[in-house]
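Enquirer: below are the sequence and a predicted model for it; my questions follow.
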Amino acid sequence: MSKFDEREVYDKEICPCGSGDIYKKCCKKKKFKWIVENGNFYKRVKMDKELTKVLKEYMKWCENMYGRKLQDDDRMFWGYLPSEFGINEIRAMRKMQIPERQIFAYYETGRILTPQGTSKIPDIEIQEFYDSLEKYDRLMDPTNGPSSVFYTSKINAILKEDFMRYYEQLTFSFSYFIRKHIENVQDFLNYSVKNEIDFCGFCCIKSIRNLDSTKVLVENGLTENIYATNRFIFESYLYVLSLNENPSFFDEKIKPKVNEDDYSFSITKDGKINYNQVIHNETNEKFNLKISIKDLAYNSQFKEDRELYNLFYHYSSQFVHVDVLSAQGYFYESDPFQVIDESLIAALIGITFSILLLDQISIMSDTIFRKDIDYFVKRTKAELIPLYGLINGHPINKNEIFSVIMNRLQA
Ligand SMILES: [Zn+2]
């Protein structure tokens, strides 16, 4: 940066901070200097020892990585996307458990105020920060009438708490199925799905892992990946539903894949394994095992599954859709005080699919398990419906898919 045309602000000039006072009576007494450079105002703060040390270490780190010293025209933090790129600082602050009102004031003013920091920023900016804290308190006080900030924050809190509870209960229930039905767990872990029960056990293990992933993803707000995980759960649900509704589904579509004695996967012309087709080892007869998820949804006895299938893929693809280069959720970060956290909604949908899956699995199980799960599923469905009602009552997050999910839960 060129030092050409740089000067300090004169005592009698109007202070650049915007207070309207002259410099001498305003920011001059602060622990920073206003600098005029090429006609623009900058604040110059003396770096403290700690910060200097951190920056030096950072520069060394960059040097080690790219094998050259940082130059004057290098951007200092080139490895970090600027906040306007939709990387959620607010989420990181919430994770650090900074009080919501401080986060709100940061979101509005772009500042965090520390006791030491007040000497380094103009009084007018300090006032803005305190005004913002007060504004938050006003918005969150229900005696002042309903505010969308209040409503949104309450829903976020409820969704977060409920997700954690259902996560525990569901992973417990999926494990319960495995412990109750799979006699030789060691054998099962060698992946030998011999019957419908084994297949359900496989879905249980998969769902536990999917829910584990969701738990990590929701903490980091990776909505598009929660939807990718939700897809696995939704498809497991449709598979087990088909096992229940179509008695020959397992023998025709799944068993040949795991019956190595009688069948082999066919090989494509370019030498790859085609997992959708098997050949009978003796008769050489070919069997097509390709399953269309759409067909499974459309053949469901629940007509709501059809709508759910259509809307779910449509709704979730707005968060990332590689083939059409659309990823609204990547580039556009919605106001975290006005819009319900989309990752919490995604997590709730994952919970819902898990409940539908567990419900179908229990149909295939022994009486005690079925009774236990039936109680749990019924209770949870009844609790989930009003949660979707809350989301659908939100002016921004409202969407047709939530009504369809509510209908499915009532079916
Ligand atoms: Zn000032």
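Expert: Happy to help now that I have it.
Enquirer: contacting residues for the residue in the stretch 101-250 of the chain positioned nearest to the ion?
Expert: Closest approach between the stretch 101-250 of the chain and the ion, counting by CB to the ion: Pro122, at 4.2 Å. No exception for glycine: its C-beta is placed from N, CA and C like everyone else's. When the contact criterion is CB atoms under 8 Å, 6 or more residues apart in numbering, the partners of Pro122 are 15, 17-19, 26-27, 30.
Enquirer: of these, grab the buried ones for PyMOL.
Expert: Buried residues within the contacts of Pro122, by 16 or more other CB atoms under 10 Å, are selected in PyMOL with:
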select buried, resi 15+17+19+26+27+30
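Enquirer: give me the number of residues near the residue in the stretch 301-411 of the chain positioned nearest to the ion?
Expert: When distances are taken as CB to the ion, the stretch 301-411 of the chain reaches nearest to the ion at Phe337, 28.9 Å away. Burial measure for Phe337: 20 neighbouring residues, criterion other CB atoms under 10 Å.
Enquirer: and the host helix or strand of Lys255, what other elements does it pack with?
Expert: For Lys255, the enclosing helix or strand under DSSP states H and E is helix 255-258. Secondary-structure packing of helix 255-258 (3 or more CB pairs under 8 Å, 6 or more residues apart in numbering; DSSP states H and E): strand 263-267, strand 273-280.
Enquirer: for it, what is the average pLDDT?
Expert: Helix 255-258 shows a mean pLDDT of 84.
Enquirer: can I get the CA coordinates of it in PDB?
Expert: Written as PDB, here are the backbone C-alpha positions of helix 255-258 (Å, rounded to 0.1, in the frame of the first residue of the first chain):
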ATOM      1  CA  LYS A 255     -31.900 -62.000  -2.100                       C
ATOM      2  CA  PRO A 256     -30.200 -62.600  -5.500                       C
ATOM      3  CA  LYS A 257     -27.700 -59.800  -4.600                       C
ATOM      4  CA  VAL A 258     -26.500 -61.600  -1.500                       C
END
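Enquirer: buried residues in that helix?
Expert: Result for helix 255-258 [16+ other CB under 10 Å]: buried residues 255-256.
Enquirer: what's it in contact with?
Expert: 191-194, 262-263, 265, 275, 278, 287, 289.
Enquirer: hmm, 10 Å instead?
Expert: 191-196, 198-199, 202, 248-249, 262-265, 275-280, 287, 289 (CB atoms under 10 Å, 6 or more residues apart in numbering).
Enquirer: what about the strands in the chain?
Expert: Using DSSP state E, the strands of the chain run over 6-8, 32-37, 40-45, 263-267, 273-280, 286-288.
Enquirer: may I see the PyMOL selection of the buried members of the contacts of helix 255-258?
Expert: Here is the PyMOL command that selects only those of those that count as buried (16+ other CB under 10 Å):
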select buried, resi 193+196+198+199+202+249+263+265+277+278+279+289
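Enquirer: what about Glu134, how many neighbours?
Expert: Neighbour tally, Glu134, other CB under 10 Å: 12.
Enquirer: from Pro256, how far out is it?
Expert: Here Glu134 is placed at a distance of 68 Å from Pro256 (CB to CB, to the nearest Å).
Enquirer: in the protein, where is pLDDT below threshold?
Expert: 1-4, 82-87, 188, 191, 321-332 (pLDDT under 70).
Enquirer: residues near the nearest residue to Tyr237 once chain neighbours are set aside, how many?
Expert: In space, and not counting its chain neighbours, Tyr237 is closest to Leu357: 4.1 Å by CB to CB, 6 or more residues apart in numbering. Leu357 is flanked by 26 other residues according to other CB under 10 Å.
Enquirer: kindly provide the distance from Leu357 to Phe177.
Expert: As defined by CB to CB, Leu357 lies at a distance of 11 Å from Phe177.
Enquirer: tell me the residues that contact both of the two, please.
Expert: Counting by CB under 10 Å, 6+ apart, the shared contacts of Leu357 and Phe177 are 200, 203-204, 207.
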